[in-house]
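Student: I need the structure of the sequence given here:
(one chain, ligands or ions: 2)
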Amino acid sequence: MQGEIRIRDLCLHLGKGEQRFQALDHLNIQIPPGEFVCLLGPSGCGKSTLLGALAGHLSYSSGDLLVDNEIVHQPHPDRGLVFQHHTLFPWKSIIENIAFGLKMKGIPVKERLEKAKQMIDLVGLTGFEKKFPAELSGGMQQRVEIARVLINEPKVLLMDEPFGALDAQTRVHMQQLLLDIWQNIKTTVLFITHDIDEALYLSDRVLIMSHRPGRIIDEISLNFPRPRDIEIVTTPEFVELKKYCMQALKHDDLSNLKRLNPLGLPKKAVREG
Ligand code: ADP
Ligand code: MG
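Tutor: Numbering: from 1, shown residues only. Ligands and ions are numbered 1, 2, ... in the order given. This next block holds a predicted model:
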C-alpha cells in the first residue's frame, strides 16, 4: 500500500509585489500510508494553501513536498481533492458525474459505468444514479463529490472542510460514512477542519497549525478504538482533549501549552528550536 506524505521545511509565498506574504513557514509533516490525519488551525492560517500545494495546484518557495518519494509539482488523480463547495456538472446525471474521471482516462463506457455504480453503492446513493445534482440534498451532493474522487483510487485523499456547509446531523452522518469508507479502502487521508470535535472524532492524529504564516506547532495522537462511535465525544478524555486543542489554537506558545496539557497525553511538539 502507498500514500506516504513527506513535507520538509515547506515555505510558500502568496500574492505579488508589495502584496506578497509568507503563507507557510518551514512546515514539517510526515504521514505514513493509510493514516487518517486532521489538520486543525485558525481561519486564514494557510490550511487550504497547504492542501493546494499537496494537490499540485500551488507552487512553493522552498522545502520538499513528496508523496511516495515523488516530488509534487502538478495535479494527479492519485491525490484526490474534495472541497466544501460543489464541483459537480449540473447537466450530468449522478452516475455520469462520477464516471467522468474515467472517461478522461479513456476507459470504455461499460467499464466506467460499472465502476461508477460500485462507487454509488459505496457512498450509499443506490437508486440515485439517474438523478441530477440539483435533485439531491447538500449531504447527498457531497457523497457524489467523494465518489467521483474515490473512483480514481487515490493514494491520498485531501479533504478541505468537506462537511463545513452541512447541518449538524448530516455532518455526523457524513463523518461516519467517511470512516466506514476509509476502513474499507485505507487510503491516506489529510482532512482539514476548524472543528475540534470533528478532528478528534475522525483522526488517528491531529496536527495543530499556528496563525499565519502557518507551521505545525503541536500534534496529538488519538487512541480511541475503531470503528468509532459518536458517543466518544462525551467521554471525559475527549472533553479534556478538546479543551487542550482550544488552548493550543489560542496560544502559539508551546511552553505555556505544556503546563496546560491535562492528561500527559501522547503529544509531541514538532516545532524546531
Ligand atoms: P485557511 O484555509 O487556513 O483559512 P488559506 O490557506 O485559505 O487559509 O489562506 C491563508 C492566507 O492567505 C489567508 O490570509 C488568505 O486570505 C490568504 N490568501 C489565500 N489565497 C490567496 C491568494 N491567491 N493571494 C493572496 N492571498 C491569499
Ligand atoms: Mg481554508
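Student: residue contacts, the closest residue in space to E161 that isn't next to it in sequence?
Tutor: Spatial nearest neighbour of E161, excluding adjacent residues (CB to CB, 6 or more residues apart in numbering): Q84 at 4.7 Å. For every residue, glycine as well, the C-beta is placed using N, CA and C. When contacts are counted by CB atoms under 8 Å, 6 or more residues apart in numbering, Q84 touches 160-165.
Student: what's the closest of these to P108?
Tutor: P162 (30.4 Å; CB to CB).
Student: the residue nearest to E161 and ligand 2: what is the separation?
Tutor: 8 Å (CB to the ion, to the nearest Å).
Student: equivalent analysis for G127, please.
Tutor: 34 Å.
Student: pull the number of nearby residues for that residue.
Tutor: Residues near G127, counting by other CB atoms under 10 Å, number 9.
Student: pLDDT below threshold where in the stretch 101-250 of the chain?
Tutor: For the stretch 101-250 of the chain, no stretch is flagged by pLDDT under 70.
Student: of all of it, which residue lies closest to ligand 1?
Tutor: Closest residue of the stretch 101-250 of the chain to ligand 1, CB to the nearest ligand atom: R212 (5.6 Å).
Student: you'd agree S48 is in a helix?
Tutor: Yes: counting by DSSP: H, G, I helix; E, B strand; the rest coil, S48 is located in a helix.
Student: list the residues that contact the spatially closest residue to it that is not a sequence neighbour.
Tutor: Leaving aside its chain neighbours, S48 sits nearest to D160 (5.5 Å; criterion: CB to CB, 6+ apart). Contacts for D160 (CB under 8 Å, 6+ apart) come out as 47-48, 51, 81-84, 192.
Student: D160 pairs with what?
Tutor: I192 (DSSP bridges).
Student: ok, now which ones touch the residue nearest to K47 when sequence neighbours are not counted?
Tutor: Leaving aside its sequence neighbours, K47 sits nearest to I192 (CB to CB, 6+ apart; 4.6 Å). Taking CB under 8 Å, 6+ apart, we find I192 in contact with 38-39, 47-48, 51, 159-161.
Student: on the three-state scheme, A147 is what?
Tutor: Three-state assignment for A147 (three-state DSSP): helix.
Student: wait, what's in contact with it?
Tutor: Going by CB under 8 Å, 6+ apart, A147 touches 98, 116, 119-120, 122-123, 125.
Student: burial measure for the nearest residue to it once chain neighbours are set aside, as a count.
Tutor: Among residues not flanking A147 along the chain, M119 sits closest, at 4.0 Å (CB to CB, 6+ apart). Applying other CB under 10 Å, we find 22 residues neighbouring M119.
Student: cool, and K117?
Tutor: By other CB under 10 Å, the residues close to K117 number 15.
Student: okay but it is in contact with I95, surely?
Tutor: Yes: contact status for K117 versus I95: in contact at 6.8 Å, counting by CB atoms under 8 Å.
Student: okay, and the common contacts of the two?
Tutor: By CB under 8 Å, 6+ apart, K117 and I95 have these common neighbours: E129.
Student: surely G164 is in contact with T193?
Tutor: Yes: G164 is in contact with T193 according to CB under 8 Å; the separation is 7.5 Å.
Student: more neighbours: which of these two?
Tutor: Using other CB under 10 Å as the criterion, G164 and T193 rank with T193 on top: 23 against 16.
Student: which positions in the chain make contact with ligand 2?
Tutor: Contacts of the chain with ligand 2, taken as CB under 5 Å from the ion, map to 47-48.
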